[in-house]
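A.B. asks: Everything below, folded, please.
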Amino acid sequence: MKTKSVQNKWTWLLLVLSATALLAFGSLRDSGPRTQADRIDAITKVLACPTCSGESVYVSRASGAESIRAEVARQIADGQRSDDEIIAYIESRFGSRVLLVPSSTGLDSLIWILPVFVLVCAVGTLGFAFRRWKVVGSDSISDEDAQLVERALREDR
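C.D. replies: Below is the predicted model of the structure:
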């Protein structure tokens, strides 16, 4: 019985380590666009149109979106700033309401990570509770309960 318990612990540990490694790999790898047009598209897809409701600068044809798209294209053509610096520049001019994707640092990252952490903890806690209830419930039949069941079975016959 103990070998199955040890096996389950190693399985869970392997599962948690695999999930952590995959999440770290997915968040750290750089698959950014390489051409200027790809960079413009990638940046404008994460910026919200300041005059539209819920549209990105990439999709919107409003004058505000067109001016942001032109500014992004100009800064990329100059080659002086990285994508993150261009996004920060646009954010400084229009405020954080132009960001469709929150930043991955500081409080924004905590807001994205906290619900996932709480969900994992809740599922883990439920798993441990169910396992404990299963172990406690299967071996703890009192003598009084056993006699009561035997008496009920005898009465049925």
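A.B. asks: Against which helices or strands is the helix or strand where L110 lies packed?
C.D. replies: Counting by DSSP states H and E, the element that carries L110 is helix 106-139. Using 3 or more C-beta pairs under 8 Å, 6 or more residues apart in numbering; DSSP states H and E, no helix or strand is in contact with helix 106-139. Placement of C-beta: from N, CA and C, glycine included.
A.B. asks: ok, and for that helix, which residues are buried?
C.D. replies: Residues of helix 106-139 include none that count as buried (16 or more other C-beta atoms under 10 Å).
A.B. asks: Distance from the chain centre to that helix, please.
C.D. replies: When distances are taken as C-alpha atoms, centre = their mean, to the nearest Å, helix 106-139 is centred 15 Å away from the chain's centroid.
A.B. asks: Could you report the neighbour count for R151?
C.D. replies: Using other C-beta atoms under 10 Å, the number of residues around R151 comes to 10.
A.B. asks: In three-state terms, label it for me.
C.D. replies: Secondary structure assignment for R151 (DSSP: H, G, I helix; E, B strand; the rest coil): helix.
A.B. asks: The nearest residue to R97 once chain neighbours are set aside and D108: what is the separation?
C.D. replies: Using C-beta to C-beta, 6 or more residues apart in numbering and skipping the chain neighbours, the partner closest in space to R97 is A48 (6.7 Å). According to C-beta to C-beta, to the nearest Å, A48 stands 15 Å off from D108.
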